[in-house]
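1. need coordinates for the following:
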Amino acid sequence: MKAQLKKDYRNPKLYRWILIYAVYALLCVIVGIISNELLNMGIWLAVPLGGLYAVVFMPYSITETNNLQGGSGIIPILYITQIHQTGQPHKGLTVYYSIQAGKEQKRNFYPQDEQRFTAILKEINPNILIQLI
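-> Residues are numbered from 1 along each chain as shown. Below you'll find the predicted structure:
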């Protein structure tokens, strides 16, 4: 692992997943009590908990094979075309990448140190265009 970058938990967009899980957990508890399936309720609650950990709490990392790993997937850094910065603290970055020809995708990242995050990516792929929006 080349680098690990902590997430900025001051960004409220990360907490939407916790809210979604809380609503899901409440529904599981209600259904578990009504149907008297308390053992299954524990399984229903535990399975999505791993996904919640990966999306919200797992730090971003840059692997030895030059992939950006974060939350919900892996992006090859060589396929990143541009990064949009808001210029405001705690607003996050939007990373644009194109794995398939002609199909550009984007993903939001919320690193604590945005400058270090972009510097590491730019060091690996100097063709990345960084824009302030």
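
2. so what touches the host helix or strand of Ile34?
-> With secondary structure defined by DSSP states H and E, Ile34 is part of helix 15-35. Helix 15-35 has contacts (C-beta atoms under 8 Å, 6 or more residues apart in numbering) with 37-38, 40-41, 44-45, 48-49, 52, 55-56. From N, CA and C alone the C-beta is placed, and that goes for glycine too.

3. same list (the residues you listed) but as JSON lines, adding neighbour count, pLDDT and secondary structure.
-> Listed next are the contacts of helix 15-35 as JSON lines, based on neighbours: other C-beta atoms under 10 Å; pLDDT from 0 to 100; DSSP: H, G, I helix; E, B strand; the rest coil:
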{"residue": "Glu37", "neighbour count": "14", "pLDDT": "76", "secondary structure": "coil"}
{"residue": "Leu38", "neighbour count": "10", "pLDDT": "73", "secondary structure": "helix"}
{"residue": "Asn40", "neighbour count": "13", "pLDDT": "76", "secondary structure": "helix"}
{"residue": "Met41", "neighbour count": "18", "pLDDT": "76", "secondary structure": "helix"}
{"residue": "Trp44", "neighbour count": "17", "pLDDT": "78", "secondary structure": "helix"}
{"residue": "Leu45", "neighbour count": "15", "pLDDT": "80", "secondary structure": "helix"}
{"residue": "Pro48", "neighbour count": "15", "pLDDT": "81", "secondary structure": "helix"}
{"residue": "Leu49", "neighbour count": "11", "pLDDT": "79", "secondary structure": "helix"}
{"residue": "Leu52", "neighbour count": "17", "pLDDT": "78", "secondary structure": "helix"}
{"residue": "Val55", "neighbour count": "17", "pLDDT": "72", "secondary structure": "helix"}
{"residue": "Val56", "neighbour count": "16", "pLDDT": "77", "secondary structure": "helix"}
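
4. any low-confidence regions in the chain?
-> Counting by pLDDT under 70, the chain has low-confidence residues at 1, 71-72, 89-90.

5. I appreciate the help and will end here.
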